[in-house]
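# Pasting the sequence and the predicted coordinates here, then a few questions.
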Amino acid sequence: MKTIDPIFKKETLELARELLGMELVHDTAYGELAGKIVEVEAYKGPEDKAAHSFGGRRTTRTEVMYGEPGHVYMFLIYGMHHCFNIVTGPIGKPEAILVRGIEPTKGIDHMLHKRFGEKPKYLKTHYKNLTNGPGKLCRSLGLNMAHYGLPINRSEILIQPYEAIKEEDIVAGPRVNIDYAEEHIHLPWRFSIRGNPYVSK
DNA sequence: TCAGGGATTCTT
DNA sequence: AGAATCCCTGAC
């Protein structure tokens, strides 16, 4: 019986901050694709109006958030972009952390190819736009619905220590594109590494 | 069964 | 500022 990595048992907002500076790895047949996490958002259902699990909504899509923390919650947005999330909170409490930006660390050539296809030469703008957004980083790492529900650090998806981030280098602010969340729009549950170029716009 | 909308990205 | 694009959801 596989156990859950204890790091994922932390409180969601605390874990969100600690994820900054850690390395997200997709271990593929042709090598590791990886990047340092530089931006995340916390979603604390069922009380959080911005969360997919608000009000205890429990469907095929949100089901994994009701299970053990440390599993992958993937969803498709706007019919074309995948988003990668880490399930958090105790069993029965549907919380998650969305990874919105990473700084490439391993397998950059493969990532460029996955995102932009075959190019005679990749430009500076290709590198800059490789992983500075939730849909972009999934495309570059090759993450999709096939990874829904996988146990992190017990599968091809890994999150491991990489670099310590000082508390004063963490920026907290409101989450992006949640206009529907009414009084929860302004909760400062978006965290990023100050000044990092791979933080999304 | 179906209309409406979205935790985005790219182009104009 | 608007389009692309389609799965998920809730209502009927």
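Okay, I see it.

# Does DNA strand B have contacts with the helix or strand bottoming out on mean pLDDT in chain A?
Of the helices and strands making up chain A, the lowest-confidence element is helix A:124-128, at a mean of 95, by mean pLDDT, DSSP states H and E. No. If you take Cβ under 7 Å from any atom of the strand as the test, helix A:124-128 misses DNA strand B, and the best it gets is 9.3 Å. Bear in mind the C-beta positions are built from the backbone N, C-alpha and C, glycine included.

# Return the distance of that helix from the chain's centre.
Offset of helix A:124-128 from its chain centre (Cα atoms, centre = their mean, to the nearest Å): 21 Å.

# Over to stretch A:59-76?
13 Å.

# same for the least confident helix or strand of chain A, what does it pack against?
For helix A:124-128, the packing partners by 3 or more Cβ pairs under 8 Å, 6 or more residues apart in numbering; DSSP states H and E come out as helix A:108-116.

# Show me what the helix it packs on packs onto, helices and strands only.
strand A:31-44, helix A:124-128, helix A:134-141.

# Adding distance to A:I102 and mean neighbour count, write the ones you listed out as a markdown table.
Below are the helices and strands packed on helix A:108-116 laid out as a markdown table (distance: least, Cβ to Cβ, whole Å; neighbours: other Cβ atoms under 10 Å):
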| stretch | distance to A:I102 | mean neighbour count |
| --- | --- | --- |
| strand A:31-44 | 3 | 24 |
| helix A:124-128 | 13 | 11 |
| helix A:134-141 | 5 | 24 |
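
# Can you tell me which of the ones you listed has the worst average pLDDT?
Mean pLDDT is lowest for helix A:124-128 among the helices and strands packed on helix A:108-116, at a mean of 95.

# got the contact list for that one?
A:104, A:108, A:112, A:115-116, A:119, A:197 (Cβ atoms under 8 Å, 6 or more residues apart in numbering).

# Restricting to C-alpha, output it in CSV.
Taking Å, rounded to 0.1, in the frame of the first residue of the first chain, the C-alpha atoms of helix A:124-128 are listed here in CSV:
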residue,chain,number,x,y,z
LYS,A,124,14.2,34.5,-27.0
THR,A,125,10.4,34.9,-26.9
HIS,A,126,10.0,31.1,-27.2
TYR,A,127,11.9,30.6,-24.0
LYS,A,128,10.2,33.5,-22.2
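
# need the contact list for the residue nearest in space to the middle of chain A.
For chain A, the residue sitting closest to the mean C-alpha position, by Cα atoms, centre = their mean, is A:V99 at 2.0 Å. Listed by Cβ under 8 Å, 6+ apart, the contact set of A:V99 reads A:19, A:24, A:37, A:39-40, A:84-86, A:134, A:137.

# ok, what's across the strand from it?
Judged by DSSP bridges, the bridge partners of A:V99 are A:V40.

# Cool, thanks, signing off.
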